[in-house]
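Peer 1: Quick one: sequence plus predicted model below, questions after.
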Amino acid sequence: MTMENHSDLACINRISNCKNIPNTKSIKDVLEIRNCPEKQYIPKRIPGLIQIHDYDTALIQNTLSNKEAVIQHTLILHHLRSLFNSTDMINIYTDGSLTTQFNANLNTFTKHMGTGWVILNDKEEVILECSSSITEWPSSTHSQAAIDSINHTRINLTNGKNRIRVWCKSNNHSIVSSIINLVDSKHLELKLTKVKGHSGVKGNEEADRVAKNDTERLTCITINDSQQKDLKYNIYWDGKRVDRHIRKFIDNICLNCTTSTINDRFIKHLKLTNNLLPTLEIMKERRYDLYGNVKCRMCLEENEDNDHIIYCQQLRDKWLMVANNTMHKCDQMLKDLLSQEKYL
């Protein structure tokens, strides 16, 4: 939806539409546009009333959920209007940067995702730039995946039967959905071009520089749940909206037996810790008529139980090999950790 003449748009009221259900309370924001007479007095500060002078600002306020991001993008909007006309074609270079930093409070490494975009003039000088951060589901391909998904998702969503399946299999669907809704509401013509990294393109290098700003101090972008119009529901885990392929996310939630390999490994550890491995002594308890007084098949001297498997002289070389492999893996893990000393 485009609005060429905004003179009739005096205000947009934000109304809370509440629906009480047992143990559940859903609240949705509804935009109500009213044509107000020129002489009508509108109080400057009334709770629940947002005074908006144009449609673009309304889009920003109703797409972003945090105040800092709204202020940042509103200022950028005014700057864009001072530089370009509504019919101009704008070339914007975007990039993302993933960094890993050590969190002393949590005693672990945390990931920070920075995003940046720049606009150059005819002399390839930066005339406008913006940097933000993504905190919930950072990954090295988060921003690029969002860009690559827009065209693919938009095409597949034309078929209503595939709508839910497409969203459930896609990553970053909250960002992609918001971009598609904004592009459609403004009737924008959007052309996406992938630029190879470190190829000498000035705009791409500048976008990379902006994205690598201090991610801990950048303004965080959080999308309002009310903007997810392409899905009838949102999935949350630990208070955070799941923005990943749903089935793959569920497989990684915990160490449940979701695959045959994990199941076999789990059963093996369970039997080992409870002395239930099928040693000869265990099998004698089950079927003595079959095993009788059979001794360890390696040394042919002692009864085979869990302790004997460890101390059997015939298995000594095998256990030395296991110990050496374990020491090597631990040594490699320590080297990998120390190689990241710049984060400590």
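Peer 2: In hand now; what should we look at? Residues are numbered from 1 along each chain as shown.

Peer 1: hey, let's count contacts and neighbours off CA atoms from now on
Peer 2: Fine.

Peer 1: which stretches of the stretch 101-250 of the chain have low pLDDT?
Peer 2: Along the stretch 101-250 of the chain, the model assigns pLDDT under 70 to residues 101-103, 106-107, 135-172, 214-217, 225-233.

Peer 1: try 80 this time
Peer 2: Applying pLDDT under 80 to the stretch 101-250 of the chain flags the ranges 101-113, 133-184, 190-199, 213-250.

Peer 1: all helices in it, in order from the N-terminus.
Peer 2: For the stretch 101-250 of the chain, helices defined by DSSP state H, counting those that start in this stretch occupy the ranges 142-156, 163-169, 173-186, 202-211, 246-251.

Peer 1: count of residues packed around the residue nearest to Asn234 when sequence neighbours are not counted?
Peer 2: Taking Cα to Cα, 6 or more residues apart in numbering, and ignoring the residues beside it in sequence, Asn234 has Arg241 as its nearest neighbour in space, at 6.8 Å. Residues lying near Arg241 (other Cα atoms under 10 Å) number 14.

Peer 1: Ok, the one 4 residues further on next?
Peer 2: Under the neighbour criterion other Cα under 10 Å, His245 is assigned a count of 16.

Peer 1: Show me where the stretch 51-200 of the chain has its strands.
Peer 2: 92-103, 108-120, 126-134 (DSSP state E, counting those that start in this stretch).

Peer 1: just the stretch 201-344 of the chain next, same as before
Peer 2: Under the criterion DSSP E, counting those that start in this stretch, strands of the stretch 201-344 of the chain are mapped to 219-220, 236-237, 240-241.

Peer 1: want to throw those into JSON lines with distance to Asn181?
Peer 2: As requested, the strands of the stretch 201-344 of the chain are exported to JSON lines (distance: least, Cα to Cα, whole Å):
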{"stretch": "strand 219-220", "distance to Asn181": "20"}
{"stretch": "strand 236-237", "distance to Asn181": "22"}
{"stretch": "strand 240-241", "distance to Asn181": "19"}
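
Peer 1: most tightly surrounded among those?
Peer 2: Comparing the strands of the stretch 201-344 of the chain by mean neighbour count (mean count of other Cα atoms under 10 Å), strand 219-220 comes out on top with a mean of 21.

Peer 1: contacts for it?
Peer 2: Applying Cα atoms under 8 Å, 6 or more residues apart in numbering, the contact partners of strand 219-220 are Asn66, Glu68, Ala69, Ser131, Ser132, Ser133, Ile134, Thr135.

Peer 1: Just the buried ones from those residues, in ChimeraX syntax?
Peer 2: Buried subset of the contacts of strand 219-220, written as a ChimeraX selection, criterion 16 or more other Cα atoms under 10 Å:
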select :69,131,132,133,134,135
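
Peer 1: of all the contacts of strand 219-220, which comes closest to Ala211?
Peer 2: Taking Cα to Cα as the measure, Ala211 sits nearest to Ser131 out of the contacts of strand 219-220, at 5.9 Å.

Peer 1: per-domain residue ranges of this structure.
Peer 2: 66-71+87-251, 263-343 (automatic domain parsing).

Peer 1: what's the average pLDDT for the last one?
Peer 2: Pointing back at domain 263-343 there. What domain 263-343 shows for mean pLDDT is 88.

Peer 1: before we move on, the earlier item: put together JSON lines for the contacts of strand 219-220, with distance to Glu285 on each row.
Peer 2: Formatted as JSON lines, the contacts of strand 219-220 follow (distance: Cα to Cα, whole Å):
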{"residue": "Asn66", "distance to Glu285": "66"}
{"residue": "Glu68", "distance to Glu285": "70"}
{"residue": "Ala69", "distance to Glu285": "69"}
{"residue": "Ser131", "distance to Glu285": "69"}
{"residue": "Ser132", "distance to Glu285": "66"}
{"residue": "Ser133", "distance to Glu285": "62"}
{"residue": "Ile134", "distance to Glu285": "59"}
{"residue": "Thr135", "distance to Glu285": "56"}
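
Peer 1: Return the member of the contacts of strand 219-220 nearest to Asn105.
Peer 2: Of those, the one sitting nearest to Asn105 (Cα to Cα) turns out to be Thr135, at 17.2 Å.

Peer 1: so how far is Met89 from Asp243?
Peer 2: Distance, Asp243 to Met89, using Cα to Cα, to the nearest Å: 31 Å.

Peer 1: any idea how far His198 lies from Lys191?
Peer 2: His198 sits 21 Å away from Lys191, going by Cα to Cα.

Peer 1: likewise Met298?
Peer 2: 70 Å.

Peer 1: what sits against Ile60?
Peer 2: Here Ile60 is in contact with Val70, His73, Thr74 (Cα under 8 Å, 6+ apart).

Peer 1: measure stretch 272-287 end to end?
Peer 2: End-to-end for stretch 272-287, by Cα to Cα: 20 Å.

Peer 1: That one: which residues count as buried?
Peer 2: Applying 16+ other Cα under 10 Å to stretch 272-287 flags Leu277, Thr279, Leu280, Glu281, Ile282, Lys284 as buried.
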